[in-house]
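**Q** Return a 3D structure for these sequence lines:
(one chain, ligands or ions: 1)
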Amino acid sequence: MSCRDVVVVRGGREVLHGVGFDLRAGTVTGLLGPSGCGKTTLIRAIVGLQARVTGDVSVLGHPAGAPRLRDRIGYVTQEPSVYGDLTVTENLRFFAAVLGVDSTDVQRVIEAVDLMTHADARVDQLSGGQRSRASLAAALLGNPELLVLDEPTVGLDPVLRRDLWNLFHELADAGSTLLVSSHVMDEASRCDRLLLMREGELLADDTPDGLLASAGTGDIEQAFLTLIDRKAGAR
Ligand SMILES: Nc1ncnc2c1ncn2[C@@H]1O[C@H](COP(=O)(O)OP(=O)(O)OP(=O)(O)O)[C@@H](O)[C@H]1O
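**A** Down below sits the predicted model:
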């Protein structure tokens with residue numbers, strides 16, 4: 001998947017100013033940057049939901065939003081996308097039917113997100129973290145080639161966060177491509193590659209080690225600040 005010169009206008013204001021990068025198949029790429037920098041907007045452009053996008057967004061060989069991409073992309077927003085009045089299993093059976101995915105896949109995705117003990121619980125009786133894992137399970141149905149996850153680890157405890165990052169890498173090892181956004185810099189080291197964003201621009205597109213080496217520091221937060229200072233100095 002690739003973006004070239006992507007510009008997005010929202011509410012009459014340009015919020016992405018010409019973003020370009022490639023995602024490598026079979027990797028986990030972190031999209032990191034402070035709140036409001038444009039992560040969700042970029043993600044919406046990639047999954048084809050964002051209006052007023054110019055430039056080129058190509059996903060699995062098709063323009064973003066092409067109908068044939070629908071069952072090849074899994075997208076999890078920051079809002080739960082499962083129905084509160086259905087159980088986890090009922091939700092997943094429903095989404096499997098909508099996607100035309102075999103219902104035997106439901107069990108696999110419930111296990112993948114570690115919700116076996118809550119499979120028969122109504123979603124409105126789950127904790128926030130459990131609910132977001134139910135949404136993630138829905139996105140995993142049918143093994144999409146590209147998984148785009150907007151802040152999937154918000155509000156999760158450290159053990160669950162670690163388990164989810166392990167799951168992301170298992171999925172990548174099995175061939176999926178993952179783009180995972182976060183505003184928590186300490187998640188950076190868990191990614192194969194990083195896209196660092198600030199104020200609608202891409203500051204870096206590198207491996208975590210490459211980024212640290214080029215900024216001359218051992219700390220991702222410090223590397224981010226160094227890049228910002230360099231950019232300001234170059235202006
Ligand atoms: N519906 C909207 N209408 C107009 N402007 C918007 C809308 N949603 C977001 N924006 C603006 O677009 C910019 C980028 O927002 P975006 O939600 O992409 O940031 P983000 O990096 O995902 O933030 P967060 O980490 O807080 O979710 C912000 O300046 C925001 O104010």
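
**Q** Leu136 reaches Leu149, doesn't it?
**A** Yes. Here Leu136 reaches Leu149: they are 7.1 Å apart, a contact under CB atoms under 8 Å. C-beta here means a position set from N, CA and C on the backbone, and glycine is covered the same way.

**Q** Distance check, Ile73 against Val47.
**A** Going from Ile73 to Val47 by CB to CB, to the nearest Å gives 6 Å.

**Q** joint contacts of the two?
**A** Val148 (CB atoms under 8 Å, 6 or more residues apart in numbering).

**Q** what does the worst-scoring helix or strand of the chain on mean pLDDT contact?
**A** When each helix and strand of the chain is scored by mean pLDDT, DSSP states H and E, helix 220-234 comes last, with a mean of 86. Contacts with helix 220-234, where a contact means CB under 8 Å, 6+ apart, come from 32, 185-186, 188-189, 194, 196, 198, 203-204, 208, 211-212, 214-217.

**Q** in it, what counts as buried?
**A** Ile220, Ala223, Phe224, Thr226, Leu227 (16 or more other CB atoms under 10 Å).

**Q** Give me the three-state assignment for Thr41.
**A** Taking DSSP: H, G, I helix; E, B strand; the rest coil as the rule, one finds Thr41 in the helix state.

**Q** what does the chain have sitting close to the ligand?
**A** Contact residues (CB under 6 Å from any ligand atom) of the chain with the ligand: Arg10, Gly11, Val15, Gly33, Ser35, Gly36, Cys37, Gly38, Lys39, Thr40, Thr41, His183.

**Q** quick one: contacts for the second one?
**A** For Gly11, no residue counts as a contact, taking CB under 8 Å, 6+ apart as the criterion.

**Q** Per-residue pLDDT of it, please?
**A** The model reports Gly11 with a pLDDT of 94.

**Q** and what of Gly129?
**A** 83.

**Q** Name the secondary structure element that contains the most centrally placed residue in the chain.
**A** The chain has Leu149 as the residue nearest its centroid, 2.4 Å off, counting by CA atoms, centre = their mean. Using DSSP states H and E, Leu149 maps to strand 146-150.

**Q** Does the closest residue to Pro63 other than its chain neighbours have any beta-bridge partners, and if so which?
**A** In space, and not counting its chain neighbours, Pro63 is closest to Val57: 6.9 Å by CB to CB, 6 or more residues apart in numbering. Going by DSSP bridges, Val57 is paired in beta bridges with Cys3.

**Q** I figured Val57 hits Ala45, correct?
**A** Yes. Using CB under 8 Å, Val57 is in contact with Ala45, at 5.5 Å.

**Q** any common contacting residues for those two?
**A** With CB under 8 Å, 6+ apart, Val57 and Ala45 have common neighbours Cys3, Val6, Ala64.

**Q** Distance of the last one relative to Leu49?
**A** In other words, Ala64. 9 Å.

**Q** Give me the more crowded residue out of the two.
**A** Ala64 (22 against 13; other CB atoms under 10 Å).

**Q** Go ahead and list the helix or strand containing the closest residue to Val53 other than its chain neighbours.
**A** When the adjacent residues along the chain are set aside, Val53 lies closest to Ala45, with 4.8 Å between them (CB to CB, 6+ apart). Secondary structure from DSSP H and E places Ala45 in helix 39-47.
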